[in-house]
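Novice: Let me see the structure of the following:
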Amino acid sequence: MEGSFEQSSALNARMPVGYMRPYHDQPSPAVNFTLGIPPAGNLYTSMNSLGKLARALLRSGRGENGTILKPETLELMWTPAGDIQS
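Specialist: Sure thing, here's the model as predicted:
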């Protein structure tokens, strides 16, 4: 899987540019910074690699080249952390 849990200049060079549009001005590139913990546990990867990870998770931890997670690890990942009251 191509990706990282740390943002780097090499990774930033491959990331798409987001734009923001001020009320009375033309769109401009959005500032790229990390505020707190980013989504997905700080995982930066391609959609292709993310799809491979998702497929492995749904196949009991089996990836293209073998098992990537122990069954007990996968069981913990699928276990809710607590009761959700709605």
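Novice: which helices and strands does the helix with the most length in the chain pack with?
Specialist: Using DSSP state H to define each element, the chain has its longest helix at helix 47-58. Judged by 3 or more C-beta pairs under 8 Å, 6 or more residues apart in numbering; DSSP states H and E, helix 47-58 is in contact with strand 62-63. For glycine as for every other residue, the C-beta is placed from the backbone atoms N, C-alpha and C.
Novice: so after the strand it packs on, what's the next helix or strand?
Specialist: Sequence order places strand 66-67 as the next helix or strand after strand 62-63, per DSSP states H and E.
Novice: how about the most far-flung residue of the chain relative to its centre, what does it touch?
Specialist: What lies farthest from the middle of the chain is His24; by C-alpha atoms, centre = their mean that is 33.6 Å. His24 makes no contacts at all, as judged by C-beta atoms under 8 Å, 6 or more residues apart in numbering.
Novice: The helix or strand bottoming out on mean pLDDT in the chain pairs with which strands, parallel or anti?
Specialist: Every helix and strand in the chain was compared by mean pLDDT, DSSP states H and E; the lowest is strand 3-4, with a mean of 74. Applying DSSP bridges, strand 3-4 is found paired with strand 44-45 (antiparallel).
Novice: Centre of the chain to stretch 67-86, how far?
Specialist: 17 Å (C-alpha atoms, centre = their mean, to the nearest Å).
Novice: now stretch 61-77
Specialist: Per C-alpha atoms, centre = their mean, the centroid offset for stretch 61-77 relative to its chain is 18 Å.
Novice: same question for that stretch, mean pLDDT?
Specialist: Average pLDDT, stretch 61-77: 90.
Novice: How far does it stretch from one end to the other?
Specialist: With C-alpha to C-alpha, to the nearest Å applied, stretch 61-77 spans 11 Å between its terminal residues.
Novice: Flag every buried residue along that stretch.
Specialist: Residues 61, 68-69, 74 are the ones in stretch 61-77 that count as buried (16 or more other C-beta atoms under 10 Å).
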